[in-house]
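**Student:** Sequence and predicted structure, then a few things I'm wondering about:
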Amino acid sequence: MDSEVDPHFGRTIGFVLFDTETGSSTYLDNSAHQDLSQGAGIQTAQMIVEVGTEVLITGQIGPKASQVLSRTRIKSYICTSGTVQEAIQALENNSL
């Protein structure tokens, strides 16, 4: 929760999955997609969809990953600085 938000969606090392109902968090590893020469954003977006994400707070999302996410009900917010905890607080305060 104290880690900085990574400004790169498809090439981030991982995601913090936060359950707003229980306050618990888990880590979702994205290292398999980090070094892809092409398609990192698309593969990462598909992984995010598959785990049942409802809200995504991340840095910049590329056009192909955006296309994948736009076909879902996932609400996406851009946050390029601060910690994961600060990003969650910003979402809760409607300031993203």
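**Tutor:** Arrived safely. Numbering: from 1, shown residues only.

**Student:** is it true that Met47 touches Ser31?
**Tutor:** No: under the criterion of C-beta atoms under 8 Å, Met47 makes no contact with Ser31, lying 11.4 Å away. Where you see a C-beta, it was placed from the backbone N, CA and C, and this is true even at glycine.

**Student:** Run the chain-centre distance for stretch 82-96.
**Tutor:** Its chain's C-alpha centre and that of stretch 82-96 lie 13 Å apart, by C-alpha atoms, centre = their mean, to the nearest Å.

**Student:** Pull out the buried residues from that stretch.
**Tutor:** 84, 87-88, 91, 96 (16 or more other C-beta atoms under 10 Å).

**Student:** First-to-last residue distance for that stretch?
**Tutor:** 12 Å (C-alpha to C-alpha, to the nearest Å).

**Student:** Show the average pLDDT along it.
**Tutor:** Across stretch 82-96, pLDDT averages out at 94.

**Student:** got the contact list for it?
**Tutor:** Contact partners of stretch 82-96, identified using C-beta atoms under 8 Å, 6 or more residues apart in numbering, comprise 1-5, 16, 18, 20, 55, 57, 77-79.

**Student:** How far off centre is the helix or strand of the chain with the lowest mean pLDDT?
**Tutor:** Ranking every helix and strand in the chain by mean pLDDT, DSSP states H and E puts helix 31-34 at the bottom, with a mean of 90. Put simply, helix 31-34 sits 14 Å off its chain's centre (C-alpha atoms, centre = their mean).

**Student:** Looking at Met47 and Ser31, which is more packed in?
**Tutor:** Ranked by neighbour count (other C-beta atoms under 10 Å), Met47 and Ser31 place Met47 first, with 16 against 9.

**Student:** Next, the more buried one: secondary structure please.
**Tutor:** Three-state call for Met47 (DSSP: H, G, I helix; E, B strand; the rest coil): helix.

**Student:** No further queries at this time; thank you.
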